[in-house]
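> how would this look folded up:
(chains A and B)
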Amino acid sequence: MITKRIIPCLDVKDSRVVKGVNFEGLNDVSSPVELAEYYSSNGADELVFYDITASFEQRALFTDILKQVAKTIFIPLTVGGGINELSDFERVLSCGADKVSVNSGAIRNPSLVYEAAKRYGDQCVVLSADIKRVNGTFHVFAKGGREDTGMEAIDWIHRCVESGAGEVVVNSIDTDGVKGGFDIEMLQAVLAAVKVPVIASGGAGKAEDFVTLFKSLPQISAGLAASVFHFGEVKIPELKKLLIKNQIPARII
Amino acid sequence: MVAIIDYGVGNLFSLKSSFEFLGESVIVTNDSKKISDSDRIILPGVGAFGDAAKKLNDSKMAELVLEQAKKGKPILGICLGMQLLFEKSFEYGQHSGLSLIPGSVRPLRDIVDPSLDIPHIGWNSLSFPKHCELFKYINEGDYVYFVHSFYGADCENYVTAYTDYSVKVTAAVAYDNVFGTQFHPEKSGNVGLKILKAFCEVRS
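Have a look, this model is predicted:
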């Protein structure tokens, strides 16, 4: 049976993972390579690397890091951040990324998803949408959640999936950072609109939040989080055991 | 030497890295001589069947793979590379494959529970209807990583592993020295590495 995926997300800047992390047994807690190995050997089903650098030089450093990670760990890697045109897909895919996550780039250039899916296949294109409630409707936000595009989110996601996005990451700005659980209502609305895998993001504060997510929405494919994993509040092996105890299929390694 | 055939389809970085990780010498190439000189061949692939089949033919790699298979060289097709081993595909029209393994490629949508997502993306477990040397280092129930919307059909006699996605779905096939996996061993953690290691030990 297909398992529910657990995906840690790492923000990388100047070749380091930002958001200080604290793990036993790791010498360099901000080394992307060491952290990737740590997560991989602890049962992460996939990793997302988010490039939060701004300059061209830093971008080259990021792709070097990506290469090092891809040479060491053999689980799927998704790269996001700074993906604005087809050449950005090429840049990260040639360094070992398996999937590329587009967010603001797709908002600025609506044909990006279509062009990328045509060239690299649907499975390669992950739409990442930052969504927030505005006057009772779901709006898509751009620029890391700072700018309201005014676009209705469910319609936007539906259009991107029609254009070839093979997976959708739904990041609820409303629940992000609150640690009170995933945004079940928002996720449900997205699940009703598309038939590709949907990944929940934003709001995980404890292992039980993942149980609630998968129990409330059996169609959700994966749960993504950053700080709860980095700070050790949720440990992936224990989380997987808890999922299995609750009859939620999970991969134990 | 493992030769990964480069015919302009897909991302070969991880595949190459996984053989390097195993300590095997490996090249990514479309040089006929190097491929002929290699001990074993990987046929990779992602994307659409029709496109890939055309590229394989146009680059003369199709002929070469057939010739090498006939000589008994171990060949492993991965994902779309596995699908290309079959006789034909019904992905957006009808296309001919290499016909190294009897069978066809059909849409998952036609057989799986309509409530399930397509593509079938994620970690799913294997069951073995018969013995296959590729799996000598792993166990039934081990998880591997899948990403696909089409599947190997009409090939029951050659299936060496199934996975369960509301119905039994072809996960791996073999016919003499020709092997195929629908899943990505190079993305399946230690389990995947053990499968690639076993492939490197297949005698020609």
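
> around chain B, which positions in the stretch 151-253 of chain A sit nearby?
With the criterion set to Cβ under 8 Å from any Cβ of the partner chain, the stretch 151-253 of chain A comes near chain B through A:G166, A:E167, A:K195, A:V196, A:P197, A:V198, A:Q219, A:S221, A:A222, A:R251, A:I253. The C-beta positions use only the backbone N, C-alpha and C, and glycine is treated the same way.

> and which of those residues is nearest to B:L43?
Of all those, B:L43 sits closest to A:G166, with 22.4 Å by Cβ to Cβ.

> follow-up on the earlier one: which ChimeraX command selects the buried ones in the residues of the stretch 151-253 of chain A next to chain B?
Restricted to buried positions by 16 or more other Cβ atoms under 10 Å in any protein chain shown, the ChimeraX selection for these reads:
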select /A:166,167,196,197,198,219,221,222,251,253
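
> the residue nearest to B:L15 when sequence neighbours are not counted in helix, strand or coil?
Closest residue to B:L15 apart from its sequence neighbours, by Cβ to Cβ, 6 or more residues apart in numbering or on different chains: B:E186 at 4.6 Å. For B:E186, the assignment made with DSSP: H, G, I helix; E, B strand; the rest coil gives helix.

> circling back: of the residues of the stretch 151-253 of chain A next to chain B, which belong to strands?
A:E167, A:V198, A:A222 (DSSP state E).

> the first one bridge partners, please.
Listed beta-bridge partners, A:E167: A:V126 (assigned using DSSP bridges).

> returning to what we had before: tabulate the ones in strands among the residues of the stretch 151-253 of chain A next to chain B (CSV), appending pLDDT.
Below are these laid out as CSV (pLDDT from 0 to 100):
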residue, pLDDT
A:E167, 96
A:V198, 98
A:A222, 98
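
> pull out the buried positions in the helix or strand bottoming out on mean pLDDT in chain B.
Scoring the helices and strands of chain B by mean pLDDT, DSSP states H and E places helix B:49-58 at the bottom, with a mean of 93. Using 16+ other Cβ under 10 Å as the burial criterion, the residues of helix B:49-58 that qualify are B:F49, B:D51, B:A52, B:A53, B:K55, B:L56.

> again, but for stretch B:104-118
For stretch B:104-118, a neighbour-count test (16+ other Cβ under 10 Å) marks B:S104, B:V105, B:R106, B:P107, B:L108, B:V112, B:L116, B:D117, B:I118 as buried.

> do the same with stretch B:154-171
Within stretch B:154-171, the residues scored as buried using 16+ other Cβ under 10 Å are B:C155, B:Y158, B:V159, B:T160, B:A161, B:Y162, B:T163, B:Y165, B:V169, B:T170, B:A171.

> quick one: contacts for the fourth one?
It stands for B:T160. B:T160 is in contact with B:F128, B:P129, B:K130, B:H131, B:C132, B:L134, B:F135, B:A172, B:V173, B:A174, B:F179, counting by Cβ atoms under 8 Å, 6 or more residues apart in numbering or on different chains.

> in what helix or strand does it lie?
strand B:159-164 (DSSP states H and E).

> any idea of the pLDDT on the residue of chain A positioned farthest from its centre?
In chain A, the residue that sits farthest from the middle, by Cα atoms, centre = their mean, is A:N135; the gap is 26.6 Å. Note for A:N135: predicted pLDDT of 96.

> show me where the stretch 151-253 of chain A has its helices.
Counting by DSSP state H, counting those that start in this stretch, the stretch 151-253 of chain A has helices at residues A:153-163, A:184-193, A:207-216, A:227-230, A:236-245.

> could you identify which of these is most buried?
helix A:227-230 (a mean of 22; mean count of other Cβ atoms under 10 Å in any protein chain shown).

> who does that one touch, helix- and strand-wise?
Helix A:227-230 sits against strand A:5-13, with contacts defined as 3 or more Cβ pairs under 8 Å, 6 or more residues apart in numbering or on different chains; DSSP states H and E.

> what's the strand it packs on in contact with?
A:17-19, A:32, A:35-36, A:39, A:43-53, A:58, A:62, A:65, A:78, A:199, A:201, A:210, A:221-226, A:229-230, A:236, A:239-240, A:250, B:122-123.

> which of the residues you listed count as buried?
Using 16+ other Cβ under 10 Å, the buried ones in those are A:17, A:32, A:35-36, A:39, A:43-51, A:53, A:58, A:62, A:65, A:78, A:199, A:201, A:210, A:221-226, A:229-230, A:236, A:239-240, A:250, B:122-123.

> need the contact list for A:D14.
A:T53, A:Q58, A:L61.

> thinking again about what came up before, ok, the buried residues of helix B:49-58 vs B:D37, which is closest?
B:L56 (19.9 Å).

> so what pLDDT did the nearest residue to that closest one once chain neighbours are set aside get?
Leaving aside its chain neighbours, B:L56 sits nearest to B:A62 (4.5 Å; criterion: Cβ to Cβ, 6+ apart). pLDDT recorded at B:A62 is 97.

> part of a helix, is B:A62?
Yes. B:A62: assigned to a helix according to three-state DSSP.

> what's the weakest-modelled helix or strand in chain A?
Least confident helix or strand, chain A: strand A:16-17 with a mean of 84, by mean pLDDT, DSSP H and E.
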